[in-house]
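Enquirer: Structure here, sequence nowhere to be found:
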């Protein structure tokens, strides 16, 4: 999966089961799979029915998070992912999707990639 670096963000395009696409930033501080605003979640065709889960922020505080589940194409396979609803801003790919992969970031060339680990 090829990406690019733009304005100090590492960006990747994610495709949903409905063929729609969204540009998401890589966020190694996010332990979940995806965090996205409501517009992005709708565009990806995820159901608008949200569950509430308990989450922990980086400062150790606990919060309730709204989540939903949908299907994306991830490294050539269909994968059910959990998306955390965020209020605004660009969506993110978190560490939950980066298990057993190799992430390559070339800041000089402005490109990035995610590949399956062998």
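Expert: Structure received. Nothing here was measured: the structure is a model prediction, and the numbers come from that model. Residues are numbered from 1 along each chain as shown.

Enquirer: mind listing the helices for this protein?
Expert: 38-43 (DSSP state H).

Enquirer: So for it, the centremost residue is which one?
Expert: When CA atoms, centre = their mean is applied to the chain, the residue found nearest the centroid is residue 93 (2.4 Å).

Enquirer: correct me, but it touches residue 34?
Expert: Yes - using CB atoms under 8 Å, residue 93 and residue 34 qualify as a contacting pair, with a distance of 6.2 Å. For the C-beta atoms, the positions are set from N, CA and C on the backbone; glycine is no exception.

Enquirer: Find residues that contact each of those two.
Expert: By the contact definition CB atoms under 8 Å, 6 or more residues apart in numbering, residue 93 and residue 34 are jointly contacted by 14, 24.

Enquirer: what's in contact with the helix-or-strand element of the chain with minimal mean pLDDT?
Expert: Across the helices and strands of the chain, mean pLDDT, DSSP states H and E gives its lowest value to strand 51-56, namely a mean of 88. For strand 51-56, the external contacting residues (CB under 8 Å, 6+ apart) are 32, 62, 63, 64, 65, 66, 67, 68, 84.
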